[in-house]
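Student: Pasted the sequence and its predicted model underneath.
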Amino acid sequence: MAWNPHGRLEKSFNLHLGFRPDPPLSLDLVNATSDSLELKLDVEEDIEALPAVLFIMYRKVDSDQWEELETNVNNGKY
């Protein structure tokens, strides 16, 4: 709640407990170029919500070190 001589403003909101979704049933590589990957995920039919963020572990062919990429999901496309 905030107020000043001109009036009062009251805002309310609800917080919902988040959860970590189950991993996808399968992950397919649809297309690969020198600087991008197109992935297809198969998820459970009764999933409550699609993931908003994906964490992808990858490594270059000539490297032994794994790296993590965090990417946002845009309209179901990754």
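Tutor: Great, that's in hand.
Student: tell me, how many neighbours does the nearest residue to residue 52 once chain neighbours are set aside end up with?
Tutor: Distances taken as CB to CB, 6 or more residues apart in numbering place residue 73 nearest to residue 52, at 5.7 Å, with adjacent residues excluded. Yep, even glycine has a C-beta here, placed from its N, CA and C like the rest. Other residues lying near residue 73 total 13 when counted by other CB atoms under 10 Å.
Student: Residue 41 too?
Tutor: 16.
Student: any idea how far residue 44 is from residue 33?
Tutor: Using CB to CB, to the nearest Å, we find residue 33 at a distance of 30 Å from residue 44.
Student: who has more neighbours, these two?
Tutor: The residue with more neighbours, out of residue 33 and residue 44 and counting by other CB under 10 Å, is residue 44; that gives 11 against 7.
Student: Tell me the spacing between that one and residue 51.
Tutor: For residue 44, the distance to residue 51 under the criterion CB to CB works out to 12 Å.
Student: wait, what's in contact with the spatially most central residue of the chain?
Tutor: With distances taken as CA atoms, centre = their mean, residue 53 lies nearest the centre of the chain, 1.1 Å away. Taking CB atoms under 8 Å, 6 or more residues apart in numbering, we find residue 53 in contact with 70, 71, 72, 73.
Student: Let's see that with 6 Å instead.
Tutor: Taking CB atoms under 6 Å, 6 or more residues apart in numbering as the contact definition, residue 53 lies against residue 72.
Student: For this structure, name the helix or strand with the lowest mean pLDDT.
Tutor: Of all the helices and strands that make up the chain, strand 37-42 has the lowest average by mean pLDDT, DSSP states H and E, namely a mean of 82.
Student: elements contacting it?
Tutor: Judged by 3 or more CB pairs under 6 Å, 6 or more residues apart in numbering; DSSP states H and E, strand 37-42 is in contact with strand 26-32.
Student: Can you spell out which helices and strands pack onto the strand it packs on?
Tutor: Using 3+ CB pairs under 6 Å, 6+ apart, strand 26-32 is in contact with strand 37-42.
Student: The strand it packs on: how far from the chain's middle?
Tutor: Averaging C-alpha positions (CA atoms, centre = their mean, to the nearest Å) puts strand 37-42 13 Å from its chain's average.
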